[in-house]
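**Student:** Build me a model:
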Amino acid sequence: MTTQIRFNAFAMNCVGHQSPGLWTHPRDRSSDYNRLPYWLHLARTLERGRFDGLFLADVLGVYDVYGGTPDAALRNATQVPVNDPMLLVSAMAAVTEHLGFGVTCTLSYEPPYPFARRMSTLDHLTEGRIGWNVVTGYLDSAARGMGKDNQKAHDDRYDVADEYMDVVYKLWEGSWQDDAVVRDRARGIFADPSKVHRVQHEGENYRLDAIHLSEPSPQRTPLLYQAGTSPRGRAFAARHAECVFMSGPSAKIIAARVAAIRAAAAEVGRNPAEILIFSLMTVILGETEAEAAAKHAEYRRHINHEGALTLMSGWTGVDFSTYDLDQEVRHVQNEAGRSAMDNISRADPDRVWTVREIAEHVGIGGIGPLLVGTPDKVADDIETWIEQTGVDGLNLAFAVSPESFEDIADLLVPELVRRGRYKEAYQPGTLRQKLFGRGHARLTAPHPAARFRC
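**Tutor:** Numbers count the residues shown, from 1 in each chain. Have a look, this model is predicted:
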């Protein structure tokens, strides 16, 4: 049986997201990010293309590593201004029936008690189509915004995250029994108090003594995404993640990371095949090769190199304003995101990057590969990528929005359907059921959330 390829759209509640400068393109509408019509149109487009989900990135803090100030980020709309992604979901859910929503939320600065309620609320309002991309943050500017001098060390953040997950699992899974809500109009009883349990937690980082404020939602625990591929990030993903997002410029880099995630999952007793892995990619499509190449050239004229290097400085913690454009990039280890630096320094020993090459590459879609061509050629390249890396699907970034996603829905998806590599219809059920099957409405053992269930 031919394995079907899964698609997430990759976007952010900001201008341009990972294609700095392309907001200036005359057909780009991402500068309308702060108006609902933009997001409603995008949601309808993605559902027309039967995307599995809209993966909404987020970052708390501002990119101020480049030049030591936020000036370049502000000039170039480098993920600032950036609005809350969670507030988009209800509106988009109202105009779709199947599209999933993966929302990035930084647990380092989110108290678990109110956060658990917000996610349960979205799971109710989307009828089980919400996912959470679990991140610990990577910007010192976010820590300062929260009243701290700087963020915790990289691996220490994951130690805190492990405890955080235990707290929210207790709330989502262990506070209300499935039959606690009776809605008995005759007796005037809405919920049976004997079936609602107090959650008590006393740990190194969190204390809690409360009941969960929300009744059981369709999934209880939202579908769990995770995006760390450092050794400590892999260990966290192996324990908690259902879907893993990774980025890298070549199949060689991604294949090694896929193998490492699956091996880590097996080590903790989970079935490696039950972790779906999505890799970053951007595609530029045309009816002919000449049309696609012309569109690519047109897009490239809008790349903002300073904006691209501002992004990379934030991701890696390295101030690229101090480098010459033709200087080669060597490895630097710090407390920012480890994987982003590995992408351009040591993950692929056969490739040496200059600063100029980084700016050009990141300028359209970020650090993932860029495919340009007809639907037939791009479909060939995607099938080769899937075969070489072992990923289950793609997080598709945009060059120009919504044009990039419209082209995928109208040009690429029909070609993949023709090849039997893409679904002809959505599966029924929650987001977890759509991805894993009807028997997966909620998390089951050996996932750690299951042990907290009433």
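**Student:** what's the single longest strand in the chain?
**Tutor:** When the chain is parsed with DSSP state E, its longest strand is strand 276-285.
**Student:** Which neighbouring elements make contact with the helix or strand following that one?
**Tutor:** Sequence order places helix 289-300 as the next helix or strand after strand 276-285, per DSSP states H and E. Secondary-structure packing of helix 289-300 (3 or more CB pairs under 8 Å, 6 or more residues apart in numbering; DSSP states H and E): strand 276-285, strand 370-373. From N, CA and C alone the C-beta is placed, and that goes for glycine too.
**Student:** rerun that using 10 Å as the cut-off
**Tutor:** Using 3 or more CB pairs under 10 Å, 6 or more residues apart in numbering; DSSP states H and E, the elements in contact with helix 289-300 are strand 276-285, strand 370-373, helix 375-389, helix 403-407.
**Student:** Now do the last one, average pLDDT.
**Tutor:** Along helix 403-407, the predicted local confidence has a mean pLDDT of 98.
**Student:** from the middle of its chain, how far away would the helix or strand just after it be?
**Tutor:** Following helix 403-407 in sequence order, the next helix or strand is helix 413-418 (DSSP H and E). Using CA atoms, centre = their mean, to the nearest Å, the distance from the centre of helix 413-418 to the centre of the chain it belongs to is 24 Å.
**Student:** who's in contact with helix 413-418?
**Tutor:** 4-5, 7, 48-51, 285, 374-380, 382-383, 407-408, 421-424 (CB atoms under 10 Å, 6 or more residues apart in numbering).
**Student:** let's go with 8 Å and repeat that
**Tutor:** For helix 413-418, contacts defined as CB atoms under 8 Å, 6 or more residues apart in numbering pick out 5, 7, 49, 50, 375, 376, 378, 379, 382, 422, 423, 424.
**Student:** Pull the contacting residues for the fourth one.
**Tutor:** Taking CB under 8 Å, 6+ apart as the definition of contact, the neighbours of residue 50 are 7, 98, 413, 422, 423, 424, 425, 426.
**Student:** Residue 30: what's it in contact with?
**Tutor:** 14, 15, 16, 17, 22, 23, 38, 398, 401.
**Student:** For the closest residue to the third one other than its chain neighbours, grab the count of nearby residues.
**Tutor:** If the residues on either side of it in the chain are set aside, residue 16 comes closest to residue 23, at 4.4 Å by CB to CB, 6 or more residues apart in numbering. By other CB atoms under 10 Å, 23 other residues sit near residue 23.
**Student:** mind checking how far residue 23 is from residue 164?
**Tutor:** Using CB to CB, to the nearest Å, residue 23 is found at 35 Å from residue 164.
**Student:** Let me know the average pLDDT across the longest strand of the chain.
**Tutor:** 98.
**Student:** could you say what helices and strands it packs with?
**Tutor:** Counting by 3+ CB pairs under 8 Å, 6+ apart, strand 276-285 packs on strand 6-12, strand 243-246, helix 251-267, helix 289-300, strand 370-373, helix 375-389, strand 393-397, helix 403-407.
**Student:** and the fourth one with helix 375-389, angle?
**Tutor:** Just to be clear, that refers to helix 289-300. Counting by axes from the mean of the first three to the mean of the last three CA atoms, to 10 degrees, helix 289-300 lies at 70 degrees to helix 375-389.
**Student:** The first one now?
**Tutor:** Orientation check (the same axes, to 10 degrees): strand 6-12 against helix 375-389 gives 100 degrees.
**Student:** how long is stretch 12-27 from one end to the other?
**Tutor:** 18 Å (CA to CA, to the nearest Å).
**Student:** Counting neighbours, what do you get for residue 327?
**Tutor:** Look at residue 327: counted by other CB under 10 Å, it has 13 neighbours.
**Student:** With respect to residue 431, which of the helices and strands packed on strand 276-285 lies nearest?
**Tutor:** Proximity to residue 431 (CB to CB) singles out strand 243-246 among these, at 9.8 Å.
**Student:** For that closest one, give the mean pLDDT please.
**Tutor:** The model assigns strand 243-246 a mean pLDDT of 96.
**Student:** now it, how far from the chain's geometric center?
**Tutor:** 7 Å.
**Student:** other SSEs contacting that strand?
**Tutor:** By 3+ CB pairs under 8 Å, 6+ apart, strand 243-246 packs against strand 223-226, helix 251-267, strand 276-285.
**Student:** Just name the most buried of those.
**Tutor:** Mean neighbour count, computed with mean count of other CB atoms under 10 Å, is highest for strand 223-226 among those, reaching a mean of 26.
**Student:** So which elements touch that one?
**Tutor:** strand 100-106, strand 130-135, helix 231-240, strand 243-246, helix 431-436.
**Student:** returning to that earlier point: quick one: which of the helices and strands packed on helix 289-300 is nearest residue 324?
**Tutor:** Residue 324 sits nearest to strand 370-373 of all the helices and strands packed on helix 289-300, at 24.7 Å, using CB to CB.
**Student:** can I get the CA coordinates of the closest one in CSV?
**Tutor:** Listed next in CSV are the C-alpha coordinates belonging to strand 370-373 (Å, rounded to 0.1, in the frame of the first residue of the first chain):
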residue,chain,number,x,y,z
LEU,A,370,12.9,25.0,-1.7
LEU,A,371,11.3,23.2,-4.6
VAL,A,372,10.5,25.0,-7.9
GLY,A,373,8.7,23.5,-10.9
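**Student:** pLDDT of it, averaged?
**Tutor:** 98.
**Student:** Which neighbours in the sheet does that strand have, and how are they oriented?
**Tutor:** Strand pairing for strand 370-373, using DSSP bridges, gives strand 276-285 (parallel).
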